[in-house]
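*Asks:* Predicted coordinates and the sequence they were generated for:
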Amino acid sequence: MPSDTWIASGKPETAPAKMDSTINWIKNNRETFIGSVVILLAVAVFSVYFLVHYRGLRDTAWKTLFIAQQQAGGGNFPQAIQQLEAIESSYGSTSAAPYATLFKGDMLYAQGKFKEAAAEYSKLMNSKELAPFAIYNAGKCKESEGDLAGAQVQYSDFLLKYPEHFVAPEVHASLARTQELSGNADLAKTTYEKIVLLYPETSWAMQAKAKLTPQAPAPAKK
């Protein structure tokens, strides 16, 4: 047996045999091999192009959102709305698009256009990041329109889905307020008690305690 026999893992001539087999396959299937290489290269080039292109779109979208916020801050609401709608239509696939929709809803709400604002918030109900804000803000729209029952449904839906969200204390307070305004004193009391129990060291708990503390009667006038 020759002394220079190739050995790997105790199996002589295994690797050379596999390499020869691969080379022979390439020779016999040259067109298939070349085609596969071309496809892989095309996929790689397209992936790089898509990544660079998407980053460009994303950056432009966020810059446009910033401009819209600046315009809204200066009171130029029509121009801000145009910028936001441009993000939704031209950069809808970017991460900035849902934030543009949320901001548009907030702008409309601030102008007292509650139905229009609610329509914007409804677009975000399935958003992973923004759904909590959309649900809560939709409730505020209903409350502002005087639909206290509808507002309570929205607030309760929020608390059912996102009980640990950082906005939850405020939503509890909003729920208690609408229950109180609706004449449901017992329900409101229960919600205020829950706020004190769940958020004891917060301003929300202090406000709830104030609501739960019986008010002393005003002194009679002499």
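*Replies:* On my side now, so go ahead.
*Asks:* Where does Ala210 fall, secondary structure wise?
*Replies:* Assigned by DSSP states H and E, Ala210 belongs to helix 203-212.
*Asks:* residue closest to the middle of this protein?
*Replies:* The residue lying closest to the centre of the chain (C-alpha atoms, centre = their mean) is Glu129, at 1.8 Å.
*Asks:* what about that one, is that helix, strand or coil?
*Replies:* coil (DSSP: H, G, I helix; E, B strand; the rest coil).
*Asks:* Report the mean per-residue pLDDT for stretch 192-211.
*Replies:* Averaged over stretch 192-211, pLDDT sits at 95.
*Asks:* Now it: buried residues?
*Replies:* By neighbour count with 16 or more other C-beta atoms under 10 Å, stretch 192-211 contains the buried residues 192, 195-196, 199, 204-205, 207-208, 211. Quick note: C-beta positions are derived from backbone N, CA and C, even for glycine.
*Asks:* Next, the distance between the ends of it.
*Replies:* The first and last residues of stretch 192-211 sit 7 Å apart, counting by C-alpha to C-alpha, to the nearest Å.
*Asks:* Now do the same contact list for Phe77.
*Replies:* 71, 107, 111 (C-beta atoms under 8 Å, 6 or more residues apart in numbering).
*Asks:* same question, Ala210
*Replies:* Counting by C-beta under 8 Å, 6+ apart, Ala210 has no contacts.
*Asks:* okay, now Tyr99: neighbour count?
*Replies:* Neighbours of Tyr99 under the rule other C-beta atoms under 10 Å: 20.
*Asks:* Return the backbone torsion pair for it.
*Replies:* Here is the backbone geometry of Tyr99 (degrees, to the nearest 10): phi -70, psi -30.
*Asks:* residues touching it, list them.
*Replies:* 65, 130.
*Asks:* Renumber starting at 862 from here on
*Replies:* In the new count, where the first residue is 862, that last one comes out as Tyr960.
*Asks:* Outline the domain layout of the protein.
*Replies:* 892-972, 982-1074 (automatic domain parsing).
*Asks:* Which one of those domains has the poorest average confidence?
*Replies:* If the domains of the chain are sorted by mean pLDDT, domain 892-972 sits at the bottom with a mean of 76.
*Asks:* Can you give me the distance of the residue nearest to the centre of the chain to Gln1040?
*Replies:* Separation of Glu990 from Gln1040 (C-beta to C-beta, to the nearest Å) stands at 29 Å.
*Asks:* Val1057 now?
*Replies:* 15 Å.
*Asks:* ok, which stretches of this protein are helices?
*Replies:* Using DSSP state H, the helices of the chain run over 875-889, 891-934, 938-951, 957-971, 975-983, 992-1005, 1009-1022, 1029-1042, 1046-1059, 1064-1073.
*Asks:* quick one on the thing from earlier: the residue nearest to the centre of the chain contacts Ala958, correct?
*Replies:* No: judged on C-beta atoms under 8 Å, Glu990 makes no contact with Ala958 at a distance of 11.9 Å.
*Asks:* quick one: pLDDT of Asp865?
*Replies:* With respect to pLDDT, Asp865 scores 47.
*Asks:* Against Pro993, how distant is Ile948?
*Replies:* Plainly put, Ile948 is 21 Å away from Pro993 if you go by C-beta to C-beta.
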